[in-house]
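# My questions concern the predicted model and sequence given below.
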Amino acid sequence: MKYAFSTLGLPGSPLERSAALAAAHGYHGLELRAHLEEALHTGSPAAARTAALRTVEAAGVTVLGIAGYAEVAAPGDDGPVLAELHALVRLAADLEATAVRVFPGGAGLPEAAADAHAVRRLLAAAPFAERHGVRILLETHDSHRTGAAVARVLDRVGHPGAGALWDVLHTWLGGEAPAETREALAGHLGYIQVKDVASARELTPLGLGEGVLPLAEAVAAVPGDGWLCWEYEKRWYPGAAGLAGQLARGRAHLEALVTAGAPAAQAERRSRPGPTA
């Protein structure tokens with residue numbers, strides 16, 4: 001298993017600090033928030049991108065993905081959305097990241113219309129992403145909160161350049177059990193964002209294992225060579241405790257969940273029918 005955390009938990013911090021914290025606490029990678037508030041975004045020049053790649057390489061970590069804010073199911077013209085998707089893919093490729101996070105953003109639209117926007121735009125952008133060695137991952141979020149909703153789109157897209165990012169909080173808020181999410185996203189899953197909160201009404205981020213989210217069940221759904229990324233939403237909850245002091249404990253908690261779930265995962269793999277002649 002490989003571990004990462006999102007720089008959303010360290011708003012405004014230099015990349016050098018984030019990379020050093022990851023390396024010091026046993027994280028293999030970073031999910032970089034691509035926003036004008038941060039030092040690195042789609043408007044960053046080539047020199048800044050090259051320097052950022054050298055920074056993470058020098059720390060011995062990688063960029064897992066770029067957390068973008070494109071909304072593929074939102075109303076409006078396709079042109080600006082596709083331009084943003086292409087810009088995010090180029091940024092990811094320049095940082096040798098293999099994923100770009102996007103949102104649905106179809107709230108307020110009829111389900112069929114939101115799905116149609118997302119399918120059309122992902123179909124248009126996925127080949128471009130694949131050519132750059134990047135996968136566009138549609139997060140379980142807002143109008144498509146559950147794995148079933150995201151899979152409804154991705155099953156129609158059917159392209160390796162598009163996949164899913166499973167945000168454990170949103171599928172839980174959507175009433176979907178981890179086993180249901182896992183089944184829905186089979187074949188689509190890029191990686192999982194883990195986090196913890198006190199309740200459905202109190203979403204201030206907590207340390208992993210301190211809240212109510214079904215982290216053990218979600219972690220059990222990740223392949224042994226997959227990624228778990230801790231998205232600690234400090235940017236949106238400035239009163240939350242700092243992330244840096246929690247990184248070691250969070251990493252240990254995830255590893256304990258992975259270790260505890262390993263026997264069950266192995267038994268499940270053994271129970272699956274093998275290929276037929």
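That came through, no problem.
# hey, where'd the strands end up in the chain?
For the chain, strands defined by DSSP state E occupy the ranges 2-6, 29-33, 62-71, 99-103, 135-139, 162-167, 189-194, 227-230.
# Kindly list the single helix or strand of this structure that scores lowest on mean pLDDT.
Counting by mean pLDDT, DSSP states H and E, the weakest-scoring helix or strand in the chain turns out to be helix 247-271, with a mean of 76.
# before we move on, back to that, quick check: which of the strands of the chain is nearest to residue 120?
Comparing those against residue 120 with C-beta to C-beta, the closest turns out to be strand 162-167 (11.8 Å). Any C-beta I mention is one placed from the backbone N, CA and C, and that applies to glycine too.
# any idea of the angle the closest one forms with strand 135-139?
Inter-element angle recorded for strand 162-167 and strand 135-139: 40 degrees (by axes from the mean of the first three to the mean of the last three C-alpha atoms, to 10 degrees).
# Direction included, what does strand 162-167 pair against?
According to DSSP bridges, strand 162-167 forms sheet pairs with strand 135-139 (parallel), strand 189-194 (parallel).
# mind saving the C-alpha coords of that strand as CSV?
What follows is strand 162-167, C-alpha atoms only, in CSV (Å, rounded to 0.1, in the frame of the first residue of the first chain):
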residue,chain,number,x,y,z
ALA,A,162,-11.2,8.5,-17.1
GLY,A,163,-11.8,6.9,-13.7
ALA,A,164,-13.1,7.5,-10.2
LEU,A,165,-11.8,9.1,-7.0
TRP,A,166,-13.6,7.7,-4.0
ASP,A,167,-14.1,10.3,-1.3
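# Now do it: everything it contacts.
Residues outside strand 162-167 that contact it (C-beta atoms under 8 Å, 6 or more residues apart in numbering) are 65, 99, 101, 122-123, 125-126, 129, 135-141, 147, 150-151, 154, 181, 185, 188-193, 195, 218, 221, 231.
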